[in-house]
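Participant: Sequence isn't available, so here's the structure alone:
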């Protein structure tokens, strides 16, 4: 499996570390909503198909990436720098 | 001035080695720069950092991934978004860069004693590196000046092409001796000289 890092170009998956499911959103740290925290910690969508996830290019530029990977075929359909994605999402949410 | 000690000293064997039937394919050496400095720009400050590097060292880096420049005495390149390695034969670069780069622009980290700089040169240098790293080292996609960050198993390496047939590698100092030994083994089949 190859992941094309936006900075480094195509690299073998052995250069990357999986950093988890990118579908979940952490509740407000000040929140005491038990159900929301339980869902954040334990619930997973367990997709068969395109799945959003975080990867870190740990043996390269060390940047965190937002990757869409097909869990059935390992086809990577999109890769972006995670920071850019999150910043854009927050900007959108603030509007 | 303090005398520089090499981590390679116990395994340093100058001279030709390996299969020399086709001549010397690779020359391996340690460049021992006086300064190796890492610069990291805050988000959105990359252009300012590039300008600061240019203003301080005279090295004008292209603002592209892995973009770099190398001269006889200095080198600089990007190895991650907003992060740069600047190398100088002379000591004291970290101090002078710390003065030149304001805290609002980014950070300056002196790695002079934390990295070992190796040079692989010769007609087979590209071929030997291709055995070690899953990276395309061919000249059209890896031109002179360009750099990559990659790893050989768990040993992290920054690699800059300094000439069509020469590469500089920056390796964590504590891994340098093991890496150097492995590199020597990889060079045996093309014949190599340590100098």
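Facilitator: Right, received. Where do you want to start? Model, not experiment: these values are computed from the prediction. Numbering: from 1, shown residues only, chains lettered A, B, ... in the order given.
Participant: hey, let's count contacts and neighbours off CA atoms from now on
Facilitator: Fine.
Participant: mind checking pLDDT for residue B:2?
Facilitator: Listed pLDDT for residue B:2 reads 72.
Participant: element containing it, please.
Facilitator: Under DSSP states H and E, no helix or strand contains residue B:2.
Participant: and it, how far is that from residue B:112?
Facilitator: 13 Å (CA to CA, to the nearest Å).
Participant: The chain: strands as residue ranges?
Facilitator: If you meant another chain, say so; for now it's chain A. A:2-5, A:9-12, A:17-21, A:50-56, A:64-70, A:76-81 (DSSP state E).
Participant: was after chain B, sorry
Facilitator: Using DSSP E, strands in chain B cover B:15-17, B:26-30, B:35-41, B:68-70, B:74-80, B:83-88, B:106-110, B:115-121, B:147-152, B:155-163, B:166-172, B:192-194.
Participant: most packed of those strands?
Facilitator: Ranked by mean neighbour count under mean count of other CA atoms under 10 Å in any protein chain shown, those are led by strand B:74-80, which reaches a mean of 25.
Participant: could you say what helices and strands that strand packs with?
Facilitator: Other helices and strands packing on strand B:74-80, by 3 or more CA pairs under 8 Å, 6 or more residues apart in numbering or on different chains; DSSP states H and E, are strand B:68-70, strand B:83-88, strand B:147-152.
Participant: Centre-most residue in chain A?
Facilitator: Centroid check for chain A by CA atoms, centre = their mean gives residue A:54 as the closest residue, at 2.5 Å.
Participant: So in chain B, which helix runs the longest?
Facilitator: For chain B, the helix with the greatest residue count under DSSP state H is helix B:173-187.
Participant: Around chain A, pick out the residues from chain B.
Facilitator: Proximity of chain B to chain A (CA under 8 Å from any CA of the partner chain) is limited to residues B:65-66, B:79-81, B:134-135, B:148-151, B:154, B:156.
Participant: Go through those and name the one nearest residue B:7.
Facilitator: Nearest to residue B:7, judged by CA to CA, of the residues of chain B next to chain A is residue B:156 at 16.5 Å.
Participant: Wait, that closest one touches residue B:171, no?
Facilitator: Yes. Counting by CA atoms under 8 Å, residue B:156 touches residue B:171, with 6.5 Å between them.
Participant: any idea how far chain A is from the residue of chain B positioned farthest from its centre?
Facilitator: Distance from the C-alpha centroid of chain B, by CA atoms, centre = their mean, peaks at residue B:21 (29.7 Å). Going from residue B:21 to chain A by CA to the nearest CA, to the nearest Å gives 35 Å.
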